[in-house]
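In: Pasting the sequence and the predicted model now:
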Amino acid sequence: GAVSALESAVRQEPGMTQALLMLGSSYAELGRRKESRAQFDQVLKNDPQSVQGLIGMANVLLEEGRTDDVVTLCKRTLVLDERNSQAYALLGEVYIGQQRPSTALPFLEKAVAIQPKVAQNRLNLAACLIEVKQLARAQTMLGEILAAHPKFPGAQFNLGVLFEEVPSWVRSLPGS
């Protein structure tokens, strides 16, 4: 329903940036990446410095596996808005996907520092902390996530991964 209304709005007012952004996001949610990309392209043609357009396009390109382009767009975004948590989170996701957790870590930490209540960013950071063997920090963060969202499957999964990393003799210590 939202797509139909937004398409109608864009037909009536083709330069309406907010409608183009919302339509691009709606298409992305429906898995219609080509159409989504076209909307974000239009936004960026009208305003090459649109932070929302850059982040929207970066999300679509991440879905397509175009990680070099995602990095470029996120770095452009950070030049325009150095506190854009989405750009930091996307950079972290790219580097995690490339099996480079040490490179991802500072980006994920920055995303959480800027937006500490975004559970997905905290989960990504906890997963990265497991990868770089900062297990105590990961366990604390996962505990905090699960305290707020007890049924968060990603947090439950990563807690299981964490415990696989902890040697059995540590788990048997009093207080563990």
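Out: Everything's here; your move. Numbering: from 1, shown residues only.

In: Check Pro174 and give its pLDDT.
Out: In the prediction, the pLDDT value recorded for Pro174 is 52.

In: Asp81 now?
Out: Per-residue confidence for Asp81 comes out at a pLDDT of 97.

In: Val70 too?
Out: The predicted local confidence for Val70 comes out at a pLDDT of 98.

In: Could you count how many residues lie near it?
Out: Counted with other CB atoms under 10 Å, the neighbours of Val70 add up to 24. Glycine gets a C-beta too; all of them are placed from N, C-alpha and C.

In: So what touches the one helix or strand it maps to?
Out: Under DSSP states H and E, the secondary-structure element containing Val70 is helix 67-80. Here helix 67-80 makes contact (CB atoms under 8 Å, 6 or more residues apart in numbering) with 49, 51, 54-55, 57-58, 61-62, 84, 86-88, 90-91, 94, 97-98.

In: for stretch 127-146, same thing?
Out: By CB under 8 Å, 6+ apart, the surrounding residues in contact with stretch 127-146 are 92, 96, 101-102, 104-105, 108, 119, 122-123, 125-126, 152, 155-156, 158-159, 161-162, 165-166.
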